[in-house]
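Asks: below is the structure, and that's it, no one-letter string:
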């Protein structure tokens, strides 16, 4: 996928020493930097991603070192800014890395996880602007470790992930969710003061209506669905209820956009050993099953989806409960029957709807940007056979399992 907008070849990051103040050692300064488009996995539809190679020098020893960073800039396209509510979502992501991750990291390290929040890319620094105000402007920057330099890769969005890679992603989601559940149960005052003020309810700005116009004919033309079932799908899109019924036990911080492009993984030989979650523009408060069900619907290889979804749900559940036990959380509230109810509520309330409209950019081979849908230069109705089969398989499963 290309970047959202053309990148100025003369682009530079002003006052880079200040941005990196927490990374630079005493007597170090930025000697030079090189910026280029970041075309590696992990880029997203709502921002411009750049590769930043930063050369650092020590004034006393004259030694130099190089920092490899991935930078997130605001989009220059006004439609994209409106669709993604950039003034809010960029600010949320900045505070996620600058304020929330340190809280989760410290909580995990103090409670049985010495590696801390290793499911998040290391944060090098960032800002919203040059003057310290609350507005996000063209000088905004979020700098993270460039995970490609550490050997991380991503899957192909239209193909999906195999089971071993999916399990590493679920491992990271389970630790992320457990950190939020544990913090909320054991230190509710910290959760309320440090995390909750930054939660944000994102809506897709009418893209769901474009997708529904294509989805319903696909279901109606299929012999897999009754008229009553098609009517249920229509009602799900009409309600778009998203955040209803977050239970007292299960509520936690969630990613809300956990699909292939936002999950990077590392291999040792051919074995996946670790995954990192990226792109926290729309993180929120909800059930962890929001993330899990969206991930399973959007990101598993289609030939494995139906046969493996129960096994993957079991895998995630066992990992989450194990993490909660390590943190010292009373797990009596987290029964398997309670978990199954969370699955159903997540699918009904948002994740079926979420998966259906997000499959547009995921499955559309030539999809370039959300702006192309909004300005009419891209046809949202041109669904491939593969795309149609995927939405039919997901929809059929949801009815068969009683999730819709």
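Replies: Arrived safely, thanks for sending. Being a predicted model, the structure only gives us computed values, none of them experimental.
Asks: contacts and neighbour counts: CA atoms only from here.
Replies: Will do.
Asks: surely residue 178 touches residue 322?
Replies: No - assessed by CA atoms under 8 Å, residue 178 is found out of contact with residue 322, at 9.2 Å.
Asks: the two: which has the busier surroundings?
Replies: A count of neighbours by other CA atoms under 10 Å puts residue 178 above the other of residue 178 and residue 322, at 28 against 16.
Asks: wasn't the more buried one part of a helix?
Replies: Yes - assessed with DSSP: H, G, I helix; E, B strand; the rest coil, residue 178 lies in a helix.
Asks: what's near enough to touch it?
Replies: 252, 320, 323, 324 (CA atoms under 8 Å, 6 or more residues apart in numbering).
Asks: the spatially closest residue to residue 336 that is not a sequence neighbour: how many residues sit nearby?
Replies: Closest residue to residue 336 apart from its sequence neighbours, by CA to CA, 6 or more residues apart in numbering: residue 317 at 7.8 Å. For residue 317, the count of nearby residues is 21 (other CA under 10 Å).
Asks: in what helix or strand does residue 317 lie?
Replies: Residue 317 is part of helix 302-327, with elements assigned from DSSP states H and E.
Asks: ok, and for the helix or strand just after that helix, which residues are buried?
Replies: Downstream of helix 302-327, the next assigned helix or strand under DSSP H and E is helix 336-346. By 16 or more other CA atoms under 10 Å, the buried positions in helix 336-346 come out as 339, 342, 343, 344, 345, 346.
Asks: distance to residue 173 added to these, as JSON lines?
Replies: Shown next, in JSON lines, are those (distance: CA to CA, whole Å):
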{"residue": "339", "distance to residue 173": "15"}
{"residue": "342", "distance to residue 173": "16"}
{"residue": "343", "distance to residue 173": "15"}
{"residue": "344", "distance to residue 173": "19"}
{"residue": "345", "distance to residue 173": "19"}
{"residue": "346", "distance to residue 173": "16"}
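Asks: over to residue 79. Which of the three states is it?
Replies: Relying on three-state DSSP, one would call residue 79 helix.
Asks: do you know how far it is from residue 360?
Replies: Distance, residue 79 to residue 360, by CA to CA, to the nearest Å: 18 Å.
Asks: show me what the mean pLDDT comes to for whichever strand or helix holds residue 33.
Replies: Taking DSSP H and E as the criterion, residue 33 maps to strand 28-37. For strand 28-37, mean pLDDT rounds to 94.
Asks: can you show me the strands along this structure?
Replies: With strands called from DSSP state E, the chain shows them at 28-37, 48-58, 64-73, 123-127, 141-145, 152-153, 252-254, 263-268, 271-277, 284-286.
Asks: got any ranges where the protein has weak pLDDT?
Replies: Along the chain, segments meeting pLDDT under 70 span 1-10, 39-45, 204-206, 240-245, 365-381.
Asks: could you pull out the helices for it?
Replies: Secondary structure of the chain, counting by DSSP state H: helices at 16-19, 78-83, 86-95, 101-110, 163-186, 188-190, 207-221, 227-239, 288-299, 302-327, 336-346, 352-363, 370-374, 385-400.
Asks: picking that back up, which one (most neighbours) among the contacts of residue 178?
Replies: Neighbour counts for the contacts of residue 178, by other CA under 10 Å, peak at residue 252, which reaches 27 neighbours.
Asks: wait, that residue touches residue 181, no?
Replies: Yes - using CA under 8 Å, residue 252 makes contact with residue 181 at a distance of 5.0 Å.
Asks: residue 326: how many residues sit nearby?
Replies: Using other CA under 10 Å, residue 326 is surrounded by 15 other residues.
Asks: residue 152 too?
Replies: Neighbours around residue 152, by other CA under 10 Å: 20.
Asks: show me what contacts it?
Replies: Going by CA under 8 Å, 6+ apart, residue 152 touches 264, 265, 266, 267.
Asks: now with 6 Å?
Replies: Contacts for residue 152 were tallied using CA atoms under 6 Å, 6 or more residues apart in numbering; they are 264, 265, 266.
Asks: burial count for residue 261?
Replies: If you count neighbours by other CA under 10 Å, residue 261 ends up with 24.
Asks: renumber starting at 3 from here on
Replies: From this message on, residue numbering opens at 3, which makes the last subject residue 263.
Asks: residue 348 and residue 389: what is the separation?
Replies: Distance from residue 348 to residue 389, by CA to CA: 22 Å.
Asks: make that residue 70, sorry
Replies: Taking CA to CA, one finds residue 70 at 37 Å from residue 389.
Asks: residue 90 too?
Replies: Distance, residue 90 to residue 389, using CA to CA: 32 Å.
Asks: do the same with residue 304
Replies: Noted for residue 304: a distance of 10 Å to residue 389, by CA to CA.
Asks: go on, residue 300?
Replies: Counting by CA to CA, the gap from residue 300 to residue 389 is 11 Å.
Asks: and the two? Which one has more around it.
Replies: It is residue 300, of residue 300 and residue 389, that has more neighbours when counted by other CA under 10 Å, with 28 against 18.
Asks: what sits against the more buried one?
Replies: Contacts for residue 300 (CA under 6 Å, 6+ apart) come out as none.
Asks: likewise for residue 291?
Replies: Residues counted as contacts of residue 291 (CA under 6 Å, 6+ apart) are 345, 348.
Asks: what is the neighbour count of residue 175?
Replies: Residue 175: 28 neighbours (other CA under 10 Å).
Asks: identify the residue nearest residue 32 in space, chain neighbours excluded?
Replies: Nearest residue to residue 32, sequence neighbours excluded (CA to CA, 6+ apart): residue 58, at 4.6 Å.
Asks: doesn't residue 69 make contact with that neighbour?
Replies: No - counting by CA atoms under 6 Å, residue 58 sits too far from residue 69 to count as a contact (7.5 Å).
Asks: the two: who's more crowded?
Replies: Using other CA under 10 Å as the criterion, residue 58 and residue 69 rank with residue 58 on top: 21 against 15.
Asks: and that one, how far is that from residue 394?
Replies: Counting by CA to CA, the separation of residue 58 from residue 394 is 53 Å.
Asks: ok so, going back, any buried residues in the helix holding residue 319, and which?
Replies: 304, 307, 311, 314-315, 318-319, 321-326, 329.
Asks: looking at those, which is nearest residue 37?
Replies: Of all these, the one with the least separation from residue 37 (CA to CA) is residue 304, at 37.4 Å.
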